[in-house]
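Peer 1: my questions are about this predicted structure, shown below with the sequence.
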Amino acid sequence: QVQLVESGGGLVQAGDSLRLSCAASGLPFSLHGMGWFRQAPGKEREFVAAISRNGGSTHYADSVKGRFTISRDSAKNTVALQMNNLEPEDAAVYYCGAGLFHPAQTGVDAGKYAYWGQGTQVTVSS
């Protein structure tokens, strides 16, 4: 049974940092590209960041570029999202996804991801 479990969300002030983590189990982690998406109330799920299954490629949404960093630890089967200089517009439920991509491919299309976690809430006060 595949499980993706996110953690690390919370309530912070604008300008603060948070580190989200996603622990994967029940799947060959090294064969899956990983991504973070977010969904704010009344909005569609949007791409945030992705990392290739070999860890060599990353891709970010323009809105988070330079502030967020995605990384993966294949020894621990985890993927992290370091979020710095948070803005109120970053508030959303953040979801971790896993998909079968080519080794250097990063997935920006949510429809290409086979597995999802339950999400973790990030709230940013101004």
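Peer 2: Cool, the structure landed.
Peer 1: for the protein, give me the ranges with low pLDDT.
Peer 2: Applying pLDDT under 70 to the chain flags no residue at all.
Peer 1: mind doing that once more with 90?
Peer 2: 102-104 (pLDDT under 90).
Peer 1: so which residues of it form helices?
Peer 2: Here the chain has no helices by DSSP state H.
Peer 1: residue closest to the middle of it?
Peer 2: residue 36 (2.1 Å; Cα atoms, centre = their mean).
Peer 1: can you tell me how far the residue nearest to that one when sequence neighbours are not counted sits from residue 28?
Peer 2: Spatial nearest neighbour of residue 36, chain neighbours left out: residue 48 (4.4 Å); criterion: Cβ to Cβ, 6 or more residues apart in numbering. Quick note: C-beta positions are derived from backbone N, CA and C, even for glycine. Distance from residue 48 to residue 28, counting by Cβ to Cβ, to the nearest Å: 24 Å.
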